[in-house]
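Student: Test case, fold it:
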Amino acid sequence: MIDDLLRELNAIDEHPKLEAKACRSGKLGNSFFETVCAFANEPGLGGGSILLGVQRDESDFFGAYEVVGVKESDKLQLDIASGCAERFNVPLRPNIVVEQLQGKVVLLVEVNERPNSDKPIYFKNKNLPRGAWRRIGSSDQRCTDEDLIVFYGDRQAESYDAMLLQSADLSDIDSDAIENYRSLRAKVNPHAEELSWTDEELLRALSAIQKANGEWKPTLAGLLLFGTKQALRRELPMVRVDYIRISGNEWVSDPDQRFHKTIDMRGPILSLVDRVLAAIMDDLPKGFELLEGEVQAKTKTLPARVLREAIVNALMHRSYREHSPTQVIRYNNRIEIRNAGFSLKNEDLLGEAGSQLRNPKLAAVFHETNTAETKGSGIRTMRRLMQENGFSAPTFESSRGDNFFVSRLLLHHFLSEGDMRWLGTIPHELNEQQKVALIFLREQGAINNQSERQLTGSDMLTASSDLRKLRDLGLIVLKGKGSASYYVRGVNFPKTLNDAQPFNKSEACKHGTLEGDHGTLEGSHGTLASKHGSLRTELPADLLQKVESLSQRPGKKVRPVLKLLCQWRDLTASELAEILNRNDSKAIKRDHLKPMIDNGELSYTYPDMEKHPHQAYRG
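Tutor: Numbers count the residues shown, from 1 in each chain. Now for the predicted structure:
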């Protein structure tokens with residue numbers, strides 16, 4: 001049994017339900033019990049397994065797992081049993097299996113998911129939420145306040161969208177927005193009893209207003225649903241939707257040439273959905289198809305219902321604790337809809353029945369007006385409609401660290417005639433999933449296991465197998481390791497066809513690394529940096545003086561200089577390390593760049609994909 005799990009781990013690399021730990025010293029570290037806690041907590045995962053006595057071989061290029069064995073297995077079993085029984089608020093009883101593998105002792109620890117009534121499981125010596133852990137993808141992550149929504153659900157006293165806005169009053173409620181709600185509700189159920197209620201009764205029933213000190217006050221949900229534009233601007237100035245049109249397929253770093261056009265939209269969110277949808281649809285290219293026997297051509301474009309679902313998801317599930325706009329970014333080849341707030345539902349379970357509601361008051365109104373799909377079915381509907389209309393399935397990215405969620409919709413038809421000619425230049429037999437993966441990589445510049453699964457509907461093992469075959473054929477190259485791994489173009493990646501332009505080579509040189517038939521070009525914003533320190537020669541004199549004045553161990557004093565450098569030009573971590581004459585770009589990223597991102601001193605050039613292969617920093 002353990003041998004089978006080891007083979008599965010090597011086939012998939014990072015597994016959401018399987019973790020390997022060396023445990024060579026015979027002592028259980030904190031990370032072991034954090035994984036136990038995460039497996040016991042994660043909703044819908046069904047628990048997971050931990051292999052003790054197995055570790056990744058870092059000398060192996062592909063990071064294969066090898067058996068190293070454990071010492072004193074009897075004592076280790078006792079430590080596991082007692083630790084799981086005593087460390088947590090609820091005693092856990094994992095199943096432990098001992099086997100000989102390659103002449104060494106390996107332990108399999110099987111942890112069951114606990115019932116909802118027991119969750120969250122957390123360390124008794126730590127407070128919530130940080131004492132609890134979740135299993136997100138293949139990693140264990142400490143819980144946040146918003147994770148408690150997942151565990152407590154209806155047991156919570158009040159949700160954030162029920163918060164009273166003390167500085168607002170009933171004059172901030174827009175009567176037209178109330179009428180719009182009544183109209184939408186009547187289309188769903190013309191006999192709904194609430195249609196006969198007064199406005200005040202209706203607002204109270206929807207938790208849109210509450211009484212405080214004898215006066216009716218709007219709640220956050222009430223203002224979002226029914227607030228006047230003036231009140232929304234005053235109380236929630238950053239809660240808006242920005243439609244951003246960019247010429248090209250990459251985020252433009254030059255502030256003077258960044259956007260082709262922008263539209264900022266505010267208003268009650270039920271009506272805002274249609275305004276945002278109209279702005280996108282008006283800007284979409286129209287394709288035409290003349291079917292056999294038909295006289296008129298039929299327009300083919302992204303299904304409006306898909307765009308509507310993506311907009312609704314962004315507005316309904318976003319975190320209103322964060323003061324930032326929802327962004328709809330329209331590139332030449334795709335649309336990205338970005339909102340604050342990571343997915344409360346595990347990314348691997350997106351599209352399955354059931355949902356985790358961050359804003360239950362808002363969600364109730366969206367559902368009863370038929371603005372949103374029934375619980376958990378919106379993403380599934382988006383995938384079905386995109387595929388039925390010949391488009392790639394949408395992909396989704398959730399970042400807990402940077403607290404955002406992104407929906408991506410590619411604009412061209414997959415496996416079109418041009419795509420097939422482009423794929424036909426590959427002298428190898430590929431299945432449909434592998435073809436889709438290559439086209440996605442051509443458009444996006446990178447692909448990972450999760451994107452492959454979302455695009456094709458494959459399971460983790462199948463997606464890993466497909467990507468490994470493409471890697472073995474030299475079509476793609478693996479970058480990073482573990483949960484941070486992704487693939488970029490390999491030396492045998494197909495050449496560009498005139499009617500299927502996959503990538504702008506000059507843009508690639510601007511943003512980092514382009515791997516193709518001519519090896520690897522490394523550069524920054526059009527300048528190929530081939531000698532150590534060459535970037536320093538481009539620095540303005542005053543900025544160069546500040547860099548050279550830094551001591552060998554400047555500590556946090558380096559941060560003002562980093563900010564000035566990133567104001568001068570967007571720079572990658574490796575470029576900053578080169579300028580500062582440091583060998584370890586990872587240390588600069590960990591000790592300075594990430595904290596500066598967190599406190600708002602810097603921003604990502606690819607804000608919707610933290611681990612983008614061409615990620616750079618902007619001051």
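Student: Kindly export the one helix or strand R185 maps to (C-alpha atoms) in PDB.
Tutor: Using DSSP states H and E, the element containing R185 is helix 175-188. Extracted C-alpha coordinates of helix 175-188, given in PDB (Å, rounded to 0.1, in the frame of the first residue of the first chain):
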ATOM      1  CA  SER A 175     -35.600  54.500  -4.100                       C
ATOM      2  CA  ASP A 176     -34.800  53.600  -7.700                       C
ATOM      3  CA  ALA A 177     -32.600  50.700  -6.500                       C
ATOM      4  CA  ILE A 178     -35.500  49.400  -4.400                       C
ATOM      5  CA  GLU A 179     -37.800  49.500  -7.400                       C
ATOM      6  CA  ASN A 180     -35.100  47.700  -9.400                       C
ATOM      7  CA  TYR A 181     -35.100  44.900  -6.800                       C
ATOM      8  CA  ARG A 182     -38.900  44.700  -6.900                       C
ATOM      9  CA  SER A 183     -38.800  44.400 -10.600                       C
ATOM     10  CA  LEU A 184     -36.200  41.600 -10.600                       C
ATOM     11  CA  ARG A 185     -37.900  39.700  -7.800                       C
ATOM     12  CA  ALA A 186     -41.300  39.900  -9.600                       C
ATOM     13  CA  LYS A 187     -39.800  38.300 -12.700                       C
ATOM     14  CA  VAL A 188     -38.700  35.300 -10.600                       C
END
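Student: for that helix, packing partners?
Tutor: helix 199-205, helix 220-226, helix 269-283, helix 360-368 (3 or more CB pairs under 8 Å, 6 or more residues apart in numbering; DSSP states H and E). Yep, even glycine has a C-beta here, placed from its N, CA and C like the rest.
Student: Any idea how many residues pack against R266?
Tutor: 18 (other CB atoms under 10 Å).
Student: Over to the one 3 residues further on?
Tutor: Using other CB under 10 Å as the criterion, I269 is surrounded by 27 other residues.
Student: Show me this structure divided up by domain.
Tutor: Taking automatic domain parsing as the reference, the chain has its domains at 2-155, 160-235, 241-361+372-413, 414-503, 523-618.
Student: Dump the ones you listed to TSV, plus mean pLDDT.
Tutor: Formatted as TSV, the domains of the chain follow (pLDDT from 0 to 100):
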stretch	mean pLDDT
domain 2-155	87
domain 160-235	94
domain 241-361+372-413	80
domain 414-503	80
domain 523-618	78
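Student: just to revisit the earlier point, of the helices and strands packed on helix 175-188, which stretch is the most buried?
Tutor: Neighbour counts averaged per stretch over the helices and strands packed on helix 175-188 are highest for helix 220-226, at a mean of 27; criterion: mean count of other CB atoms under 10 Å.
Student: Just the C-alpha atoms of that one, please, in CSV.
Tutor: Extracted C-alpha coordinates of helix 220-226, given in CSV (Å, rounded to 0.1, in the frame of the first residue of the first chain):
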residue,chain,number,x,y,z
LEU,A,220,-23.0,47.4,4.5
ALA,A,221,-25.2,45.1,2.5
GLY,A,222,-27.9,47.7,2.4
LEU,A,223,-25.7,50.4,1.1
LEU,A,224,-24.1,48.1,-1.5
LEU,A,225,-27.5,47.0,-2.7
PHE,A,226,-29.6,50.2,-2.4
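Student: Off-centre distance for it?
Tutor: Distance of helix 220-226 from the chain centroid (CA atoms, centre = their mean, to the nearest Å) equals 27 Å.
Student: mind listing the strands in the stretch 401-550 of the chain by residue range?
Tutor: 404-410, 476-479, 486-489, 513-516, 519-524, 527-528 (DSSP state E, counting those that start in this stretch).
Student: got the helices and strands packed on helix 175-188 as a markdown table, with distance to T381 columns?
Tutor: Shown next, in a markdown table, are the helices and strands packed on helix 175-188 (distance: least, CB to CB, whole Å):
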| stretch | distance to T381 |
| --- | --- |
| helix 199-205 | 28 |
| helix 220-226 | 23 |
| helix 269-283 | 15 |
| helix 360-368 | 14 |
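Student: So for S458, which of the ones you listed sits nearest?
Tutor: Evaluated over the helices and strands packed on helix 175-188, closeness to S458 peaks at helix 269-283, with 29.3 Å, by CB to CB.
Student: Next, the buried residues of the helix or strand E8 falls within.
Tutor: With secondary structure defined by DSSP H and E, E8 is part of helix 2-12. By 16 or more other CB atoms under 10 Å, the buried positions in helix 2-12 come out as I2, L5, L6, L9, N10, I12.
Student: Hmm, the last one is touching T462, no?
Tutor: Think I12. No - counting by CB atoms under 8 Å, I12 does not reach T462; the two are 9.8 Å apart.
Student: got the contact list for stretch 174-188?
Tutor: 192, 194-195, 199, 202-203, 225-229, 268, 270-271, 365, 368-371 (CB atoms under 8 Å, 6 or more residues apart in numbering).
Student: let's go with 7 Å and repeat that
Tutor: For stretch 174-188, the external contacting residues (CB atoms under 7 Å, 6 or more residues apart in numbering) are 192, 195, 199, 202, 225-228, 268, 270-271, 368-371.
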